[in-house]
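1. Have a look; sequence and predicted model below, questions after that.
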Amino acid sequence: MSLESDLQKGLVAQSTHLDRLINLENTNVDDLLQRLGMMQSIRTVENKIAEMRRVGKIGGPVHLGAGQEAIAVGISKHLRMSDRIFSAHRSHAHLLALGSDPKALFAEVLGRSTGLTKGMGGSMHLWDEANGFYGSVPIVAGTVPLAVGAGLAAKMKGTSDIAVAYFGDGAAEEGVVHESLNLASQLKIPVLFICENNLFSSHMHISQRQPLQSVARFAIANGIKYRVVDGNNLIDVDSAALELIQYARTGNGPVFIEAVTYRQFGHVDWRDDIDVGVNRSSEDLATWRNRDPITRLTRALIALEPELQQVIAEKQVEISVATDADWDLAEKDPFPSADALLGTVYSKASK
Ligand SMILES: Cc1ncc(C[n+]2csc(CCOP(=O)(O)OP(=O)(O)O)c2C)c(N)n1
Ligand SMILES: [Mg+2]
């Protein structure tokens with residue numbers, strides 16, 4: 001039985017594929033430590049945002065992706081600055097894994113003028129062109145066709161750049177995703193469609209919304225090369241990304257990865273129990289916490305070299321100190337001035 005068939009049958013909670021020890025054969029420990037560090041850093045930044053939202057220092061809603069970090073970190077290694085990356089409401093990991101500055105994200109959620117969108121957008125409207133991040137937008141699926149447009153532009157210019165559309169299992173229920181898959185396939189547009197199937201759209205489980213739980217069937221329907229991967233296993237995501245991104249870059253058209261995962265916080269903000277009692281049980285949450293991508297990679301590394309436990313713990317301390325310092329700096333930054341408001345809404349007409 002494959003993960004894909006477990007997914008289709010609705011057996012993901014019991015799937016042994018998601019519990020196995022990560023296989024580190026033919027991997028490089030230094031590279032893995034570096035990428036584990038990136039996952040630890042993203043988690044620490046998000047935990048800080050969760051806490052600051054809880055105590056009321058952040059005014060707008062935040063959608064946290066704790067538990068899903070291996071996907072962005074696995075994909076981003078195979079991207080380059082000139083690729084164009086698009087995301088949606090739950091985008092912090094997608095942004096940070098590209099090398100974006102956590103302090104600028106903090107400034108944005110605090111509404112400061114030094115934020116990624118000058119303090120005008122908050123957590124759901126992020127932009128970092130220098131790192132290839134062309135925006136997160138909370139209109140579910142809204143950025144998927146934009147990625148297709150960016151991919152088409154890269155193709156027309158004759159570059160080997162690709163576009164990346166991160167979207168959720170809920171977004172796959174929007175018609176525009178199907179139009180995007182169809183057009184990208186017909187015109188052989190270099191796009192990586194990456195569906196983070198965390199089994200939920202807001203508070204509703206995929207079994208209540210879909211006859212089959214695997215979103216990859218839409219790639220099959222459009223003749224798009226795809227892989228279904230354990231999204232909590234960095235190595236699995238990495239190997240799919242390596243193969244498929246290379247395929248898209250070399251003129252073969254779009255590719256699709258479905259990464260099976262789970263978000264540990266509730267749909268929005270800091271509480272992890274907000275969905276419990278709605279459609280996810282505390283037992284499910286415990287099962288998935290045990291499948292945490294950071295814990296799983298740490299376990300595998302320590303099984304390989306026990307002394308790495310100390311190295312990883314020290315790295316965590318370093319990250320926590322740096323994250324707190326970034327937050328403190330962001331809090332000291334100024335709010336935008338009132339007259340900056342219209343400057344970000346209208347562009348000047350050229351005569
Ligand atoms: C067009 C549109 N419809 C509905 C919503 C409300 N909404 C916000 S997030 C969300 C769930 C999206 O689920 P999914 O795409 O799986 O992403 P996840 O939250 O699981 O990361 C919904 C329905 C919206 N923001 N935009
Ligand atoms: Mg979802």
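-> Received, thanks. Ligands and ions are numbered 1, 2, ... in the order given.
2. The residue positioned nearest the centre of the chain sits in which helix or strand?
-> Nearest to the mean C-alpha position of the chain, by Cα atoms, centre = their mean, lies H94 at 4.2 Å. H94 is part of helix 92-96 when elements are defined by DSSP states H and E.
3. Which strands or helices does that helix pack on?
-> Counting contacts by 3 or more Cβ pairs under 8 Å, 6 or more residues apart in numbering; DSSP states H and E, helix 92-96 is packed against helix 29-54, helix 69-76, strand 84-87, helix 102-109, strand 133-136. Just so you know, the C-beta spots here come from the backbone N, C-alpha and C atoms, and that holds for glycine as well.
4. name the helices or strands packed onto the first one?
-> Right, the one you point to is helix 29-54. Using 3+ Cβ pairs under 8 Å, 6+ apart, the elements in contact with helix 29-54 are helix 69-76, helix 92-96, helix 102-109, helix 234-247, helix 293-304, helix 308-332.
5. I'd like those as a markdown table, with mean pLDDT appended.
-> Shown next, in a markdown table, are the helices and strands packed on helix 29-54 (pLDDT from 0 to 100):
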| stretch | mean pLDDT |
| --- | --- |
| helix 69-76 | 98 |
| helix 92-96 | 98 |
| helix 102-109 | 98 |
| helix 234-247 | 98 |
| helix 293-304 | 97 |
| helix 308-332 | 98 |
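6. In JSON lines: these, plus distance to V137.
-> Below are those laid out as JSON lines (distance: least, Cβ to Cβ, whole Å):
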{"stretch": "helix 69-76", "distance to V137": "17"}
{"stretch": "helix 92-96", "distance to V137": "12"}
{"stretch": "helix 102-109", "distance to V137": "14"}
{"stretch": "helix 234-247", "distance to V137": "23"}
{"stretch": "helix 293-304", "distance to V137": "26"}
{"stretch": "helix 308-332", "distance to V137": "23"}
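7. Kindly state which of those is positioned closest to ligand 2.
-> helix 69-76 (12.0 Å; Cβ to the ion).
8. picking up where we left off before, ok, now which ones touch the residue nearest to the centre of the chain?
-> A72, I85, S87, F133, S136, Y166 (Cβ atoms under 8 Å, 6 or more residues apart in numbering).
9. next one: L308
-> L308 touches V29, L33, L301, I302, counting by Cβ under 8 Å, 6+ apart.
10. do that again at 6 Å, thanks
-> Listed by Cβ atoms under 6 Å, 6 or more residues apart in numbering, the contact set of L308 reads L301, I302.
11. Then A154?
-> Counted by Cβ under 6 Å, 6+ apart, A154 has contacts D161.
12. Which residue, other than its chain neighbours, is closest to the residue of the stretch 51-200 of the chain found nearest ligand 2?
-> Residue of the stretch 51-200 of the chain nearest ligand 2, by Cβ to the ion: G168 (3.6 Å). Residue nearest to G168 in three dimensions, not counting chain neighbours: E196, with 5.6 Å by Cβ to Cβ, 6 or more residues apart in numbering.
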